[in-house]
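> this one's structure only:
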């Protein structure tokens with residue numbers, strides 16, 4: 001009886017255990033298998049990722065990465081759109097580059113100037129003919145002897161026995177010429193000279209960076225300091241067909257050759273040889289007391305609308321000096 005009861009209890013326990021265990025196995029697992037498998041299927045996929053560390057973030061990132069992928073794709077597009085702009089910029093840069101190259105081009109024309117032979121040079125040596133554009137309207141020149149003096153005019157006997165009447169204005173400039181010496185010259189002395197170029201292949205002995213044509217002087221005037229600057233420059237003159245007049249200061253000297261400089265550049269100077277037989281005179285300011293019959297003069301006058309001449313300046317030679325201008 002007791003044995004049967006124990007067997008019964010054992011059987012009952014086995015049944016209870018058998019019935020209770022499957023119930024839990026069926027209740028709990030099915031819920032976990034149903035919920036995760038169907039509802040949280042994505043979650044489990046994400047769950048293993050967190051278990052590995054930062055994988056979920058990458059997993060979540062790829063989704064936006066794929067969503068943002070179009071944006072990067074669109075970004076390169078503008079980048080390519082911007083590229084043409086840089087491509088266009090170099091093109092103007094290359095077009096601008098030739099300009100600097102063209103600018104130096106004129107420079108080579110000037111650079112040969114210091115060369116040895118004028119034939120190979122692109123410009124004339126120093127002391128060439130004055131430029132026409134630089135010429136000023138020069139008064140008409142009269143050289144001769146005062147034949148008669150009137151109250152407001154003088155009558156000058158010119159070449160071939162002809163006479164010309166020159167009016168004397170209140171503002172007329174009167175200058176005098178007296179004897180001087182080549183030894184009176186010094187560096188910086190203000191001078192004037194009428195000269196003519198000796199030839200295309202005759203150059204000054206004065207050394208400088210550029211060659212300079214040599215001129216032969218017909219006269220040389222040492223000018224008083226108070227008249228410094230008078231008629232400064234280099235201009236054509238009518239003493240001979242090819243003569244020129246130069247006023248400036250002595251910038252250099254080599255024996256009987258002087259460099260007369262009349263401007264700041266190297267080209268603005270004329271080298272003049274002063275032969276021993278040419279007159280060397282001193283030019284000073286004068287007055288109307290020098291205007292008298294028999295005086296030798298060189299006068300510049302302008303013709304008025306009425307056809308009469310009015311003197312602008314009169315240079316008078318003192319002590320029988322004939323103005324050599």
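Right, received. Where do you want to start? Source: prediction; values computed, not measured. Residues are numbered from 1 along each chain as shown.

> Show me how the protein divides into domains.
Following automatic domain parsing, one finds the domains of the chain at 2-66, 139-317.

> Now do the shortest one, average pLDDT.
Put plainly, it is domain 2-66. Domain 2-66 shows a mean pLDDT of 47.

> again with stretch 178-190
Here stretch 178-190 scores 97 as its mean pLDDT.

> now stretch 272-285
Stretch 272-285 comes out at a mean pLDDT of 97.

> Check which residues of it are buried.
Across stretch 272-285, burial judged by 16 or more other C-beta atoms under 10 Å covers 272, 273, 274, 278, 279, 280, 281, 282, 283. Yep, even glycine has a C-beta here, placed from its N, CA and C like the rest.

> Show me the contact partners of it.
For stretch 272-285, contacts defined as C-beta atoms under 8 Å, 6 or more residues apart in numbering pick out 174-182, 184, 192-193, 195, 198, 214-224, 226-227, 246, 256-258, 260, 315, 321, 324.

> Quick check: end-to-end length of that stretch?
From its first residue to its last, stretch 272-285 covers 25 Å (C-alpha to C-alpha, to the nearest Å).

> what's the answer for stretch 221-232, then?
Stretch 221-232: ends 13 Å apart by C-alpha to C-alpha.

> mean confidence for that stretch?
97.

> can you check stretch 245-265 too?
Summarised as a single mean, pLDDT over stretch 245-265 is 96.

> just the helices in the stretch 101-250 of the chain please.
Counting by DSSP state H, counting those that start in this stretch, the stretch 101-250 of the chain has helices at residues 106-110.

> quick revisit: please list the members of the buried residues of stretch 272-285 that lie in helices.
Among the buried residues of stretch 272-285, DSSP state H puts none in helices.

> Give the single residue among those positioned nearest to residue 264.
The closest of the buried residues of stretch 272-285 to residue 264 turns out to be residue 272 (C-beta to C-beta; 19.6 Å).

> roughly how far apart are that closest one and residue 298?
19 Å (C-beta to C-beta, to the nearest Å).

> circling back to that earlier point, looking at the buried residues of stretch 272-285, which one is closest to residue 164?
residue 283 (23.1 Å).

> Can you tell me how far the closest one is from residue 275?
Taking C-beta to C-beta as the measure, residue 283 falls 19 Å from residue 275.

> that older thread, deepest of the domains of the chain, which one?
Greatest average neighbour count among the domains of the chain goes to domain 139-317 (a mean of 16), per mean count of other C-beta atoms under 10 Å.

> so what's the nearest residue to residue 140 once chain neighbours are set aside up against?
Here the nearest residue to residue 140 in space, its sequence neighbours aside, is residue 301; by C-beta to C-beta, 6 or more residues apart in numbering that works out to 5.7 Å. Shown in contact with residue 301 (C-beta under 8 Å, 6+ apart): 139, 140, 142, 166, 167, 309, 310, 311, 312.

> rerun that using 6 Å as the cut-off
Counting by C-beta atoms under 6 Å, 6 or more residues apart in numbering, residue 301 touches 139, 140, 166, 309, 311.

> picking that back up, same list (the buried residues of stretch 272-285) but as a markdown table, adding distance to residue 242.
Listed next are these as a markdown table, based on distance: C-beta to C-beta, whole Å:
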| residue | distance to residue 242 |
| --- | --- |
| 272 | 14 |
| 273 | 15 |
| 274 | 18 |
| 278 | 17 |
| 279 | 20 |
| 280 | 22 |
| 281 | 23 |
| 282 | 27 |
| 283 | 24 |
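
> from those residues, which single one is nearest residue 152?
Nearest to residue 152, judged by C-beta to C-beta, of these is residue 283 at 25.1 Å.

> in the stretch 51-200 of the chain, which segments are predicted with low confidence?
Filtered on pLDDT under 70, the stretch 51-200 of the chain yields the residue ranges 51-136.

> Residue 316: what's it in contact with?
If a contact means C-beta under 6 Å, 6+ apart, then residue 316 has 176, 286, 290, 295, 297 as its contacts.

> how close does the nearest residue to residue 300 once chain neighbours are set aside get to residue 220?
Nearest residue to residue 300, sequence neighbours excluded (C-beta to C-beta, 6+ apart): residue 139, at 3.6 Å. Taking C-beta to C-beta as the measure, residue 139 falls 22 Å from residue 220.

> Next step: the contacts of stretch 272-285 restricted to strands.
Among these, the members found in strands (DSSP state E) are 174-179, 192-193, 195, 214-223, 246, 257-258, 260, 315.
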